[in-house]
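Trainee: return atomic coordinates for the entry below.
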Amino acid sequence: MALNCVSLDGNSLSPIPLPNENFLFRSEKVSLLLECGNGYPGNSSQHKCNNGVVYISNHRIVYVNSSVNQSSSGSFVTFSVPLTYTSDIKYQQPIFGSNYYQAEVECVPGGNLVSGGILKLYFKENGGYEFFSVHKSMMERILETGEIPMHHEPLPSYYSATGQQEPVSNRDTVNALPSNSELPPYSGPPENFVPDLKTQK
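Mentor: The predicted model follows:
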């Protein structure tokens, strides 16, 4: 993860893509809380931003503060973290307050941060779960292939054993199960049924 290390477009203040980078999702009106260190005074730091835009690409997560411009000095302008430097991602839905995304993040060399921490993104409007889903899908792809995927694609569908080109989904399987009204009535034991008295107590 890194602070103020993202190159921004001078007009739109959107992040300039890295080589082979594709941005997959964008959400506005997102607040950020980054807690670094072990929680002890002197070994911890906290970075906040109440309003910004968050992006996720096939390479990284980028957050841009909506309240400042690129020429601001000494302030929180951008935050970024490579996907491979994130772990334990979660989407939290508290009873009170905004839903938020959470992840453990590690610092990168030269990123203006000295220790890892916990990243929380609070989504004031819709988009939090979609952001989490894209991140989770990308991490699954990276773990599966060992490579950075170029695009966000769903995992391949499973196909029936007959070779028919029709994906078999969990919903189809559940719908194929008979309901209680479709089960045949119980007709009792067979006529020649003899209970095993040795197993009865």
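Trainee: so where's this structure uncertain?
Mentor: For the chain, applying pLDDT under 70 flags the ranges 38-43, 69-74, 147-201.
Trainee: what segments of it are strands?
Mentor: 2-3, 23-37, 44-57, 60-65, 78-82, 86-92, 100-105, 117-123 (DSSP state E).
Trainee: distance to Gly146 and mean neighbour count added to those, as TSV?
Mentor: For every residue, glycine as well, the C-beta is placed using N, CA and C. Below are these laid out as TSV (distance: least, CB to CB, whole Å; neighbours: other CB atoms under 10 Å):
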stretch	distance to Gly146	mean neighbour count
strand 2-3	24	18
strand 23-37	20	18
strand 44-57	18	17
strand 60-65	18	24
strand 78-82	15	22
strand 86-92	16	14
strand 100-105	21	20
strand 117-123	24	21
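Trainee: TSV for those, including distance to Phe132?
Mentor: Below are these laid out as TSV (distance: least, CB to CB, whole Å):
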stretch	distance to Phe132
strand 2-3	22
strand 23-37	10
strand 44-57	10
strand 60-65	11
strand 78-82	15
strand 86-92	4
strand 100-105	5
strand 117-123	9
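Trainee: so which of the ones you listed is nearest Glu140?
Mentor: strand 86-92 (10.9 Å; CB to CB).
Trainee: listing partners with orientation, what would you give for that closest one?
Mentor: Applying DSSP bridges, strand 86-92 is found paired with strand 100-105 (antiparallel).
Trainee: what is the neighbour count of Arg7?
Mentor: Just to correct that, residue 7 is Ser rather than Arg. Neighbour count for Ser7, taken as other CB atoms under 10 Å: 11.
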